[in-house]
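Asker: starting from these lines, generate the structure:
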Amino acid sequence: MTVGIVQTSYQLVERLEIRGHAYYRTDTSNLGEAITSLGVLYRALIDILPCVGTLLLELPCVGTLLLEDGLFIDETWSYISSLKQLHDLTVSGCSFHPSNSQSVITMEYLSYAKWSVLPDSVVILSKIMAPSLRTFQVDVTAKEWISVDANAMNYNITESAFPNLASLAVTFATSLPWNVGVYKNLRELKLRPKYFYLTDLMTRSDILEAILMKPGDFRALETIELSGLLSECDILLLMLERKNIYEPPGISPIKTIVVHSPLPYRLLYPITTLLRGKFPDRGPNVSFSLDAVGQRMLDEFS
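Answerer: So this is what the prediction gives:
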């Protein structure tokens, strides 16, 4: 690949989209050549679309970056690291091929991020510090689409990584061993299984359980969206009791539960009662368990 530099005002480029459809089906034999070509491209971008020193910081530079269906390599990370005024980042459908461990970077102005990736590449999120991040969407592709070492996915997102995060949407099509972390300013949480396998629903249950066990880590959380089948009813009710009734002052109650499927009265009544801060007269938790809900669904369709 030859990258030519045309004399123009590159510093005025505020939005950059790099779509790698040509690389999406790159076979193994051509992978090395593709990585080399992209490396040249990203190194050239650092030169012609700077924002690395202090000389040009007073001019508009790349604030929005979209990477789609391409290869994510070491030079990709280097280029992202160079964008000191980046405020909007979308990474979608990229195949990750870093050869080196990525260093932690601080994205001072990043306010919106969408990460639609394969499970083994979610680990890179632990390398980002974004003090201004307000909205974060994570979409994890189905595990069976790739072969991945489970150990590569074990990591933590530190409490200080996204201190001002207000809205978090997680769409997962596989079990996601992700430490949810501590989000004391989070107000909205959206949990969206892409499919409805048992492992996916259990992952969503694990996140609800984290709120149940440590509501103080989610002290500002007021809205929870649960897409698809509502099967973790027992944990949901226990979490609402803990957050809306038993928690001391300083912890915001859950005010809104968003669902996308009809709810039977036996479940709708306790949820709405708890949202009003009152303790409902309801059956034992075992009647709202995943097994009980699954059995009722089977009975309804039989």
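Asker: next, count neighbours for Glu188.
Answerer: Here the count is done by other Cβ atoms under 10 Å, and Glu188 has 18 residues near it. Every residue, glycine included, has its C-beta placed from N, CA and C.
Asker: who touches it in this structure?
Answerer: Taking Cβ atoms under 8 Å, 6 or more residues apart in numbering as the definition of contact, the neighbours of Glu188 are Ala166, Ser167, Leu168, Leu221, Glu222, Thr223, Ile224, Glu225.
Asker: are any of these buried, and which?
Answerer: Ala166, Ser167, Leu168, Leu221, Ile224 (16 or more other Cβ atoms under 10 Å).
Asker: which stretches of the stretch 151-300 of the chain have low pLDDT?
Answerer: Under the criterion of pLDDT under 70, the regions of the stretch 151-300 of the chain flagged as low confidence span 151-157, 173-182, 194-202, 229, 282-300.
Asker: right, and Ser205 touches Ile235 too?
Answerer: Yes. Applying Cβ atoms under 8 Å as the test, Ser205 and Ile235 come out as touching, 5.4 Å apart.
Asker: and the residue nearest to Asn164 when sequence neighbours are not counted, which of the three is it?
Answerer: Spatial nearest neighbour of Asn164, excluding adjacent residues (Cβ to Cβ, 6 or more residues apart in numbering): Asn185 at 5.4 Å. In terms of secondary structure, Asn185 is coil; the call rests on DSSP: H, G, I helix; E, B strand; the rest coil.
Asker: list phi and psi for Asn185.
Answerer: Its backbone dihedrals place Asn185 at phi -110, psi 0, with angles given as degrees, to the nearest 10.
Asker: cool, Ser252 as well?
Answerer: On the backbone of Ser252 - angles per degrees, to the nearest 10 - the values are phi -70, psi 140.
Asker: how about it, what does it touch?
Answerer: With contacts defined as Cβ under 8 Å, 6+ apart, the neighbours of Ser252 are Arg219, Ala220, Leu221, Glu222.
Asker: and the second one, how far from Pro163?
Answerer: Pointing back at Ala220 there. Relative to Pro163, Ala220 is positioned 12 Å away (Cβ to Cβ, to the nearest Å).
Asker: got any residues that touch both of these two?
Answerer: If you check Ala220 and Pro163 against Cβ under 8 Å, 6+ apart, the residues they both contact are Lys184, Asn185.
Asker: those two: which has the busier surroundings?
Answerer: Neighbour totals were compared for Ala220 and Pro163, and Pro163 leads with 16 against 13 (other Cβ under 10 Å).
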